[in-house]
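>>> this one's sequence-less:
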Ligand SMILES: Nc1ncnc2c1ncn2[C@@H]1O[C@H](COP(=O)(O)OP(=O)(O)O)[C@@H](O)[C@H]1O
Ligand SMILES: Cc1ncc(C[n+]2csc(CCOP(=O)(O)OP(=O)(O)O)c2C)c(N)n1
Ligand SMILES: [Mg+2]
């Protein structure tokens, strides 16, 4: 990492250089929570090269909460009784879906690959995918952020913009958060959502006779991860200019864009069981099979991939089918439906058979296939 302030690299479009902003610090002992006025916000936000250590926690929190406040009301705005800025948010919905996901520097993202806005948006998508997987509609997110004192104001502003915009795209708002010091960056997003009268779709509801289906192509993020692991993101501009398939898969890895509204549509279509694919299809199949006590029989060639994944696999001498079966972080949905109930746009990949719990691909046990196992590395 060197001694450069985090996020201060030119290839991330973040301001360079550091100015003497230390004297502008909003003293955390002098300024009460309700006294963090707009002038401090503007002063700290205006100097993007200042660091968290220099401008102080309060100024950054004020920047975050003012950015939330300036968003137009989302469709779910009426659910929020008290938003960001008080001791806690107060939220008024019926049965509430809650899930949290954490992204850790160098384990879930690298500063040399991702801009701050991408990291923020990506973590929101990953967290909201779990709400969608229950059949829920994400209405709010809570952000827990840990970062080193050298993190720049500009990087934090961009992270926050990524979070606020991604939440907004989902029809959700930022309800609050936390900011603490740490040796590395950790972004944790808790999502809350509404079921709007639908029954939650669990992992345990798959029944013999169901069909298994996925909401979109798989293996795209794994292909992107393979590309950036070899080449980094420096050639991205060229790949984009040349319509090189590497540009597509790397973009999908850096910021997956599953259509999470499919979760609600699947629930409405009567999905019996559902989950999002974060650790790889085979891992999610294992979890669903054991939760439901059923055997899941998948047809390998039926698992959808986008054409770019096959092109990139050929380029790298890798196996596209393995990426689709084991690659994580696409955050598409896997669900079981009664035959005939699969929603439009979903792809049937197999069927549910009576237990005991088992997963097969083309009739063979998947014992040798594993997806992402965080503690294996
Ligand atoms: N530290 C924890 N304390 C309590 N429950 C946890 C903890 N970590 C994970 N879980 C629960 O275990 C289940 C599986 O978690 P995880 O593997 O992270 O799921 P996902 O891939 O959907 O994020 C979830 O219901 C989650 O809430
Ligand atoms: C720097 C970096 N290395 C590796 C990966 C690949 N990777 C990290 S986590 C993960 C799968 C999901 O992780 P987990 O933390 O288990 O999320 P959860 O299952 O809780 O949603 C993958 C494929 C990455 N995204 N970034
Ligand atoms: Mg998780």
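Sure thing, it's come through. These numbers were taken from a predicted model, which means no experiment stands behind them. Ligands and ions are numbered 1, 2, ... in the order given.
>>> any weak-confidence spans in this structure?
Scanning the chain for pLDDT under 70 picks out 1-46, 68-78, 93, 377.
>>> list the contacts of the residue most central in space within it.
Centroid-nearest residue in the chain: residue 126, 2.4 Å away (criterion: Cα atoms, centre = their mean). Listed by Cβ atoms under 8 Å, 6 or more residues apart in numbering, the contact partners of residue 126 are 101, 103, 189, 256, 278, 329, 331. All C-beta spots, glycine's among them, are computed from the backbone N, C-alpha and C.
>>> what's the answer for residue 134, then?
Per Cβ under 8 Å, 6+ apart, neighbours of residue 134: 97, 99, 193, 195, 200, 201, 202, 263, 267, 274.
>>> is it true that the fifth one touches residue 133?
No - with contacts counted by Cβ atoms under 8 Å, residue 200 stays clear of residue 133, the gap being 9.7 Å.
>>> which one's more surrounded, those two?
Between residue 200 and residue 133, counted using other Cβ atoms under 10 Å, the more crowded position is residue 133 (32 against 14).
>>> leaving out the residues flanking it, which one is nearest to that one?
In this structure, residue 133 finds its nearest non-sequential neighbour in residue 276, 4.2 Å apart by Cβ to Cβ, 6 or more residues apart in numbering.
>>> measure residue 321 to residue 351 for me?
19 Å (Cβ to Cβ, to the nearest Å).
>>> try residue 53
57 Å.
>>> I'd like to know which elements the one helix or strand residue 230 maps to is packed against.
If you go by DSSP states H and E, residue 230 is part of helix 220-231. In this structure, helix 220-231 makes packing contacts with helix 245-254, helix 307-316, helix 320-326, judged by 3 or more Cβ pairs under 8 Å, 6 or more residues apart in numbering; DSSP states H and E.
>>> change it to 6 Å
Contacts defined by 3 or more Cβ pairs under 6 Å, 6 or more residues apart in numbering; DSSP states H and E place helix 220-231 against helix 245-254, helix 307-316.
>>> would you mind finding the most buried of the ones you listed?
Most buried of the helices and strands packed on helix 220-231, by mean neighbour count (mean count of other Cβ atoms under 10 Å): helix 245-254, with a mean of 24.
>>> what does that one rub up against?
For helix 245-254, the external contacting residues (Cβ atoms under 6 Å, 6 or more residues apart in numbering) are 114, 118, 220-221, 223-225, 227-228, 239-240, 308, 311-312.
>>> stretch 115-125 too?
7, 12, 103, 109, 141, 155, 158-159, 161-163, 166-167, 187, 189, 254-256.
>>> quick check on those residues: which are buried?
Burial by neighbour count, 16 or more other Cβ atoms under 10 Å: within these this picks out 7, 12, 103, 109, 141, 155, 158-159, 162-163, 166-167, 187, 189, 254-256.
>>> gap between the nearest residue to residue 355 once chain neighbours are set aside and ligand 2?
Excluding the flanking residues, the one nearest residue 355 by Cβ to Cβ, 6+ apart is residue 293, at 4.4 Å. Distance, residue 293 to ligand 2, by Cβ to the nearest ligand atom, to the nearest Å: 22 Å.
>>> where does residue 293 fall, phi/psi-wise?
Residue 293 adopts backbone torsions of phi 60, psi 40, taken as degrees, to the nearest 10.
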